[in-house]
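# generate a structure from the sequence data that follows.
(4 chains)
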There are 2 protein chains.
Amino acid sequence: MSKPKQSSTTTEQSSTTKKQGSTTKKKAAVSPSPERRRELLAIAADVFAEQGYNATTVRKIADAAGMLAGSLYYHFDSKESMLEEILSTFLAELWDGYDTVLQSRLGPRETLEALVTESFREIDRHRSAVAIYQKESKHLVAQARFQYLTDSQQRFEKTWLTTLERGVAERVFRDDLDIRLAYRFVRDTVWVAASWYRPGGGHSPEEIARQYLSMVLDGIAVRT
Amino acid sequence: MSKPKQSSTTTEQSSTTKKQGSTTKKKAAVSPSPERRRELLAIAADVFAEQGYNATTVRKIADAAGMLAGSLYYHFDSKESMLEEILSTFLAELWDGYDTVLQSRLGPRETLEALVTESFREIDRHRSAVAIYQKESKHLVAQARFQYLTDSQQRFEKTWLTTLERGVAERVFRDDLDIRLAYRFVRDTVWVAASWYRPGGGHSPEEIARQYLSMVLDGIAVRT
DNA sequence: AGTCTTCCCTAACAAGTGTTTGGTAGATTA
DNA sequence: TAATCTACCAAACACTTGTTAGGGAAGACT
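As a prediction, this is how the structure comes out:
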């Protein structure tokens, strides 16, 4: 929201926009160390998660990092590119975990259990990123820059739907449910946990996964 | 986020702050018709829900309403008071519905079913307000002005926990589950539906409620 | 007829926004 | 020792933000 500078629509080589003119890509500061970047991104992610992306000013991030607003631009192109880097690294690691699960070619029920458990582990590791993803992804998908969010979402949906359909075909999941509703049900129940989950809160990710799976698979009612 | 004007901290009777000095309470425009207010609030709620509160400028709301930004202040004190009115009227109607259910003194399972069904009806009626509530309430509870959000949340939690505990005591709900986890499970699964639910999408609120209840109560696995 | 009331517009304001530019202290390298 | 590089600061910039003040057109009421 904003994007100052840039006068009209097409002309770009005008006056103030000098950018750079040396190395390879866009501008991206001089040569910041990757470790410091990660530190700052972790801080930014926490602030984004707590206050919301739009409500977070670069000055607040800088405050939390013990520096001034302008100094952030030594490490990052823009506030938005911080957000992008946070979300894309999270999604990359998430799919790393998912792919490992999917390559094991388990049965549908075991696949579902493994995916859910893996999801809770990711929530444990990337709590802030997950919270940001949930709150902001809906607006971001409209922007071309965040195309990978849409891609990921579609792959996500396909993965889950396939698993559920396989389960129905193999008679381990009920066949009297709207499968898309079931998908959203499973998906949402898992990820909203990021909004209240705090690491070190007595429950390990695996424990939470076990209980959630127990409820999702068998329900909360007593069997009669 | 902002709050311009108001120079220092305590002095208030300075220069520009004339406010008014006539009727009774704060300032609140002259005498806008309640119907027009409701119209504008509905529009504002849609924009808030779609873009997020902080990302929504008063000019965007005014655009959607076919008027200019300043004109909104004939009807409302501030952008924040629009948000407050949207959320408080939603919560009032929600508790209206809940209280009707609770006063029927049904059994725990029937209470749960009725509460969930009522929740989906509210999502149907106040889709935008629910979406706003979910995204923003976490930041808002910090502000004294939104104290009623905290109150409502606590009453919500108490209502659900009591119902679940009663169910466990009467042996209709499983006793091997962490009841607080079960609470969050039920609560979240219901309300996140607002993020994808669109009225007229083939499913009535009652239908969705039925399917959700079926999953929550009996699980998605086939009974063996 | 005139006065009031309702509802909006025009035009500005002060504060806050993301971002840029130039500089500089301290470590690293030549 | 001088040159270079790293990571930051200080100060500004163009723009956007919520909000206000004054005014005016159209109808309602006296």
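# which residues in chain A form helices?
Under the criterion DSSP state H, chain A contains helices at A:34-51, A:58-65, A:79-103, A:108-125, A:127-140, A:147-169, A:179-191, A:205-218.
# include mean neighbour count and distance to B:Leu94 when you put those into TSV, please.
For the C-beta atoms, the positions are set from N, CA and C on the backbone; glycine is no exception. Formatted as TSV, the helices of chain A follow (neighbours: other Cβ atoms under 10 Å in any protein chain shown; distance: least, Cβ to Cβ, whole Å):
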stretch	mean neighbour count	distance to B:Leu94
helix A:34-51	18	26
helix A:58-65	17	33
helix A:79-103	17	33
helix A:108-125	20	28
helix A:127-140	21	22
helix A:147-169	16	30
helix A:179-191	20	20
helix A:205-218	19	24
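# can you redo those helices as TSV with mean pLDDT and distance to chain B?
Formatted as TSV, those follow (pLDDT from 0 to 100; distance: least, Cβ to the nearest Cβ, whole Å):
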stretch	mean pLDDT	distance to chain B
helix A:34-51	95	6
helix A:58-65	96	10
helix A:79-103	97	13
helix A:108-125	97	7
helix A:127-140	94	6
helix A:147-169	97	8
helix A:179-191	93	4
helix A:205-218	95	4
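# for those helices, which one sits closest to DNA strand D?
helix A:34-51 (5.2 Å; Cβ to the nearest atom of the strand).
# and that closest one, what does it pack against?
helix A:58-65, helix A:79-103, helix A:127-140 (3 or more Cβ pairs under 8 Å, 6 or more residues apart in numbering or on different chains; DSSP states H and E).
# what about 10 Å?
helix A:58-65, helix A:79-103, helix A:127-140, helix B:127-140 (3 or more Cβ pairs under 10 Å, 6 or more residues apart in numbering or on different chains; DSSP states H and E).
# turn the ones you listed into JSON lines, including distance to DNA strand C.
JSON lines is the format used below for the helices and strands packed on helix A:34-51 (distance: least, Cβ to the nearest atom of the strand, whole Å):
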{"stretch": "helix A:58-65", "distance to DNA strand C": "4"}
{"stretch": "helix A:79-103", "distance to DNA strand C": "4"}
{"stretch": "helix A:127-140", "distance to DNA strand C": "13"}
{"stretch": "helix B:127-140", "distance to DNA strand C": "14"}
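# about what we covered before: which one of the helices of chain A lies closest to B:Val58?
Checking those against B:Val58 by Cβ to Cβ gives helix A:127-140 as the closest, at 18.1 Å.
# could you give the angle of that closest one to helix A:79-103?
110 degrees (axes from the mean of the first three to the mean of the last three Cα atoms, to 10 degrees).
# put the alpha carbons of helix A:127-140 into CSV.
In CSV, the C-alpha atoms belonging to helix A:127-140 read as follows (Å, rounded to 0.1, in the frame of the first residue of the first chain):
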residue,chain,number,x,y,z
ARG,A,127,4.8,-19.9,13.8
SER,A,128,5.0,-16.3,12.6
ALA,A,129,5.2,-17.1,9.0
VAL,A,130,2.1,-19.3,9.2
ALA,A,131,0.2,-16.6,11.0
ILE,A,132,1.2,-14.0,8.3
TYR,A,133,0.3,-16.4,5.6
GLN,A,134,-3.2,-17.0,7.0
LYS,A,135,-3.9,-13.3,7.5
GLU,A,136,-2.4,-11.9,4.3
SER,A,137,-2.4,-14.5,1.6
LYS,A,138,-5.9,-13.7,0.6
HIS,A,139,-5.1,-10.2,-0.4
LEU,A,140,-1.7,-11.0,-1.8
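# run the chain-centre distance for it.
Between the centre of helix A:127-140 and the centre of its chain there are 6 Å (Cα atoms, centre = their mean, to the nearest Å).
# just stretch A:205-217 next, same as before
21 Å.
# using PDB, write down the CA coordinates of it.
Provided in PDB are the C-alpha atoms of stretch A:205-217 (Å, rounded to 0.1, in the frame of the first residue of the first chain):
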ATOM      1  CA  PRO A 205       3.600 -30.600  17.900                       C
ATOM      2  CA  GLU A 206       3.300 -34.400  17.700                       C
ATOM      3  CA  GLU A 207       1.000 -34.400  20.700                       C
ATOM      4  CA  ILE A 208      -1.300 -31.800  19.200                       C
ATOM      5  CA  ALA A 209      -1.200 -33.600  15.900                       C
ATOM      6  CA  ARG A 210      -2.300 -36.900  17.600                       C
ATOM      7  CA  GLN A 211      -5.200 -35.300  19.400                       C
ATOM      8  CA  TYR A 212      -6.300 -33.400  16.300                       C
ATOM      9  CA  LEU A 213      -6.100 -36.500  14.200                       C
ATOM     10  CA  SER A 214      -8.100 -38.400  16.800                       C
ATOM     11  CA  MET A 215     -10.900 -35.800  16.500                       C
ATOM     12  CA  VAL A 216     -10.800 -35.500  12.800                       C
ATOM     13  CA  LEU A 217     -10.700 -39.200  12.100                       C
END
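# OK, contacts around A:Ile86?
Counting by Cβ atoms under 10 Å, 6 or more residues apart in numbering or on different chains, A:Ile86 touches A:41-42, A:44-45, A:48-49, A:53, A:126, A:128-129, A:132-133.
# now do the contacts for the residue nearest to it when sequence neighbours are not counted.
What sits nearest to A:Ile86 in space, not counting adjacent residues and going by Cβ to Cβ, 6 or more residues apart in numbering or on different chains, is A:Ala45, at 4.9 Å. Counting by Cβ under 10 Å, 6+ apart, A:Ala45 touches A:61, A:82-83, A:85-87, A:89-90, A:126-132.
# pick out the most distant pair among those residues.
A:Ile61 and A:Val130 (18.8 Å).
# could you give the number of residues near the closest residue to A:Glu136 other than its chain neighbours?
In this structure, A:Glu136 finds its nearest non-sequential neighbour in A:Tyr53, 5.1 Å apart by Cβ to Cβ, 6+ apart. When neighbours are defined as other Cβ atoms under 10 Å in any protein chain shown, A:Tyr53 has 23 of them.
# what sits against A:Tyr53?
Contacts of A:Tyr53 (Cβ under 10 Å, 6+ apart): A:1, A:44, A:47, A:79-80, A:82-83, A:86, A:132, A:135-136, A:139-140, B:52, B:54-55.
# from B:Gln211, how far off is it?
Distance, A:Tyr53 to B:Gln211, by Cβ to Cβ, to the nearest Å: 33 Å.
# kindly report the same for A:Ile132.
30 Å.
# one more: A:Glu118?
For A:Glu118, the distance to B:Gln211 equals 26 Å [Cβ to Cβ].
# OK, now which residue of chain A is nearest to DNA strand C?
Counting by Cβ to the nearest atom of the strand, chain A gets nearest to DNA strand C through A:Gly70 (2.6 Å).
# could you report the neighbour count for that residue?
10.
# wait, doesn't it sit right on A:Ile61?
No. Contact criterion Cβ atoms under 10 Å: A:Gly70 and A:Ile61 do not qualify, at 11.8 Å.
# phi, psi of A:Ala142?
The phi/psi pair for A:Ala142 (degrees, to the nearest 10) reads phi -70, psi -30.
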